[in-house]
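J.: Here is a sequence together with a model predicted from it:
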2 protein chains.
Amino acid sequence: MKRLKAVRKSGDHENPKINMDFSGAEPVTVEVTRGAIVESRHRGSVAVVDVQGQVQLAAGDITRPVYPRSAIKAFQALPLVETGAAEEFGFTPAEISLCCASHGGEAGHVKTVEAMLEKIGLGEEDLECGVHWPTHEESAFALAAAGQMPGQRHNNCSGKHAGMLALARKLGADTKGYTDITHPVQQRILGTMEAMCGVHLAEAPRERDGCSVPTWAIPLENAAYGFARFGAPDDLPEIRAQACRQIAAAVAEEPFMVAGSGRWCTDVMTVLGQRAFVKYGAEGVYCASLPEYGLGVAMKCEDGAKRGVEVMLAAVLRHIGVIEDKDLQQMAALKSVPLVNRRNFKVGEIRPAEGFLSF
Amino acid sequence: MKRLKAVRKSGDHENPKINMDFSGAEPVTVEVTRGAIVESRHRGSVAVVDVQGQVQLAAGDITRPVYPRSAIKAFQALPLVETGAAEEFGFTPAEISLCCASHGGEAGHVKTVEAMLEKIGLGEEDLECGVHWPTHEESAFALAAAGQMPGQRHNNCSGKHAGMLALARKLGADTKGYTDITHPVQQRILGTMEAMCGVHLAEAPRERDGCSVPTWAIPLENAAYGFARFGAPDDLPEIRAQACRQIAAAVAEEPFMVAGSGRWCTDVMTVLGQRAFVKYGAEGVYCASLPEYGLGVAMKCEDGAKRGVEVMLAAVLRHIGVIEDKDLQQMAALKSVPLVNRRNFKVGEIRPAEGFLSF
């Protein structure tokens, strides 16, 4: 197993003390420039934890509970695989990848959701995720140009919800109300989250997510610990370890399904393959598994900005050594994101802040 | 003239010392909640300055140069009125309001831009703002549903650009290249900005804005000073004072033109009328004039978030007393913005941070 290039002094998982040279506020991690000056700044917290639960790198407060939102969809998919539901309904790797997805509502995503619903004998009306236009702009305008309106199948979470419906069927539970916290599907997911992340969630802050399922707030260090084990699951019970491997392999095989065209999760995993599993969550969250290092990563941009946490993630993966020079040649945005205006003049960039991880 | 309810110790405009109890970073000004906890935080800087240039209220660093972006469009429109170009081309109050706009590209906006271009004998192809889909979502999808693509007239800055073309015509300058920093139109605007804000911009950081015209970075205290004088222009040269009054009146009369349906600038001015002129700028900037108080406001959300600076502005206007209880009944979002999910469950709110201006 690879080692972190620059391992910092490791703290106790229960009470980590490591921090960047900063007090009183989250450190500035990302800068947005325009011309010669920094126009906007993003702050964030980062936890990198190993499979033993040791914190290997920390910035900001990693003990405060954070809603992981969609960043832990892979954990929400574990019971689907562990119970045998995915096998029973004949879910393909593309479909399992879509269960972990915040997809763009592109034609390929929507078709796959429809196929999943057909396999479990249910329809779009059984989803409880709500409706929004595809987040993939071209797909949204193509839908409008065809004179259509979006349905629940276009919701970025529809794959996850189809998976939850399959789990409900497998558990013999009512498919109606599967998004409620009292439903067996959500209770099963709660237990899985607790076991993966080594945290009790009974009294954790919780609220409905954008798609109406519960989201429980978890300290970043615990989310990172869960993702370390997800990527290097040898010490987990065999049935869970097998499910982790199957889900990670499915997403690596079908990275388009987990997000879509022009999206970071898809692009990063297309470049890195099995070297990293990465997943965005709303309000500026990212989680990642780095199997070769036995590390998990969880981070939160204080202000909730996606553009901020994407650049934070790339910086951390470069720092650890997962992203190599050859990867930067394939995806220059892993170093910094150029900003152009409406007429394509280059006006600035989004980059790691000076002093953050020595960039 | 009304006085600020809680006037803080006033500093020297050239070197203001007033600050909130905070060091090393911008203060947290806005909180985004989900369930029982704060999910995301926004930080910001605020300057409230009077017509004498005295800082009346400050939070964060108000001396650092900030690109005001679209927040100073009213200043960019001053030469249009002062030179007599607006009168010569017969611009209506709606058209003058649109010159100060970041509009949504709704049918009413687009029609008005087309009328302006016709009055000055030019066409959409003469605009140099670039193309994007209407920011007003329904209008964008309606355009797509009609099988059309957006043009430069849909650009949120197209009204300002039509005004700049009118100014170029009046100055006898080439209309081509009017967005370049060396063009007489931009040089005239530069001088106007300097005079209004009491700042030399020759060596200020500058870059092209999203719509390709120059934006010069100005300390917030100077931008606020400029807006104090814009709203209470009695001490300015008569031709400029008259232009300030005409522009402010046009926007107050036609608040739809300056932004559009469901937009803060429009909604706030619809409620407050002539009590406030408010204008958003990209990357989390807001400027405001409060004529009854002789005050100007300029603020910047550190991370560039629109949702952050909108709530900051409402908090500052409540603190000063411009927003009264009866206004909150008309627009509850001036107190806090409710957040609902895809199925309309209430999940949280955006509100002033605890401790910011005693909320």
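T.: That came through fine.

J.: Could you pull up phi and psi at the residue nearest to the spatial centre of chain A?
T.: Nearest to the geometric centre of chain A sits residue A:279, at 2.2 Å (CA atoms, centre = their mean). Residue A:279 adopts backbone torsions of phi -150, psi 130, taken as degrees, to the nearest 10.

J.: Spit out the contact partners of the closest residue to it other than its chain neighbours.
T.: The shortest distance from residue A:279 to any non-neighbouring residue, by CB to CB, 6 or more residues apart in numbering or on different chains, is to residue A:71 (5.0 Å). All C-beta atoms are positioned from the backbone trio N, CA, C, and that covers glycine. Counting by CB atoms under 8 Å, 6 or more residues apart in numbering or on different chains, residue A:71 touches A:223, A:279, A:280, A:281, A:285, A:286, A:287, A:298.

J.: If we use 6 Å, what do you get?
T.: Applying CB atoms under 6 Å, 6 or more residues apart in numbering or on different chains to residue A:71 gives the contacts A:279, A:281, A:285, A:287.

J.: Measure how buried the second one is and give me the count.
T.: In this case it means residue A:281. Applying other CB atoms under 10 Å in any protein chain shown, we find 24 other residues in the vicinity of residue A:281.

J.: Got phi/psi on it?
T.: Torsion angles, degrees, to the nearest 10, at residue A:281: phi -130, psi 150.

J.: My read is that it contacts residue A:72, right?
T.: No. With contacts counted by CB atoms under 6 Å, residue A:281 stays clear of residue A:72, the gap being 7.2 Å.

J.: which parts of the stretch 201-350 of chain A sit against chain B?
T.: Within the stretch 201-350 of chain A, the positions near chain B by CB under 6 Å from any CB of the partner chain are A:205-208, A:210-212, A:283, A:302-305, A:341-343, A:345, A:347.

J.: Out of those residues, name the ones that lie in helices.
T.: The members of those all map outside helices under DSSP state H.

J.: residue boundaries of the helices in the stretch 151-300 of chain A?
T.: Shown for the stretch 151-300 of chain A, the helices assigned by DSSP state H, counting those that start in this stretch span residues A:158-171, A:184-197, A:220-231, A:238-253, A:255-258, A:264-272.

J.: can you list the residues that contact stretch A:192-210?
T.: Under CB under 6 Å, 6+ apart, the answer for stretch A:192-210 is A:65, A:75, A:78-79, A:214-218, A:222, A:225-226, B:34-37, B:341-342, B:345, B:347.

J.: Okay, now the unreliable bits of chain A?
T.: A:1-24, A:359 (pLDDT under 70).

J.: How many neighbouring residues does residue A:315 have?
T.: 26.

J.: make that residue A:36, sorry
T.: Residues near residue A:36, counting by other CB under 10 Å, number 10.

J.: what does residue A:138 give?
T.: 12.

J.: Show me what the helix or strand where it lies is packed against.
T.: Residue A:138 belongs to helix A:137-145 when elements are defined using DSSP states H and E. In terms of contacts (3 or more CB pairs under 6 Å, 6 or more residues apart in numbering or on different chains; DSSP states H and E), helix A:137-145 is packed against helix B:137-145.

J.: The helix it packs on to helix A:137-145, inter-axis angle?
T.: In terms of direction (axes from the mean of the first three to the mean of the last three CA atoms, to 10 degrees), helix B:137-145 departs from helix A:137-145 by 70 degrees.
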